[in-house]
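In: have a look at this prediction, sequence included:
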Amino acid sequence: MGDSAFPVALDAGYVLLGAAPDLALLDGRILAVVTRADEFSTDHFAYLKRLGKVMPGSKTVYYLENVGQAGEGEFVQFPVIGASPTAGIPVVEQIWKVLGTLF
């Protein structure tokens, strides 16, 4: 919903999703991501973004790049067993790779 991914995806269109393999194989791919503000939050936010680079010095925090003509990128963190969450950065709850769009 919305126009932040225009022209890659149009409002009221459909996004075809597939299972996301290992994060290391998704560099530069467009993803659908659902996040929470932190590990205890019940509010969820959904994004259609391109997986950018990992934040220097981190193994869990990545930049999600804008794919459209409007909107902004977003830093998110992917949960890793044994790694403590970084405060103030949304936590990824679900992830899919985008296979295509239908208008």
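Out: Happy to help now that I have it.
In: find the nearest non-adjacent residue to the residue nearest the centre of the chain, please.
Out: Central residue of the chain (CA atoms, centre = their mean): residue 33, 3.8 Å from the mean position. Leaving aside its chain neighbours, residue 33 sits nearest to residue 47 (4.8 Å; criterion: CB to CB, 6 or more residues apart in numbering). Any C-beta I mention is one placed from the backbone N, CA and C, and that applies to glycine too.
In: distance of that neighbour from residue 24?
Out: Per CB to CB, to the nearest Å, residue 47 is found 20 Å from residue 24.
In: now residue 47: which helix or strand?
Out: Taking DSSP states H and E as the definition, residue 47 sits inside strand 44-54.
In: who are the packing partners of that strand?
Out: strand 30-36, strand 61-65, strand 74-77 (3 or more CB pairs under 8 Å, 6 or more residues apart in numbering; DSSP states H and E).
In: check the offset of the shortest one from the chain's centre.
Out: Right, strand 74-77. 7 Å (CA atoms, centre = their mean, to the nearest Å).
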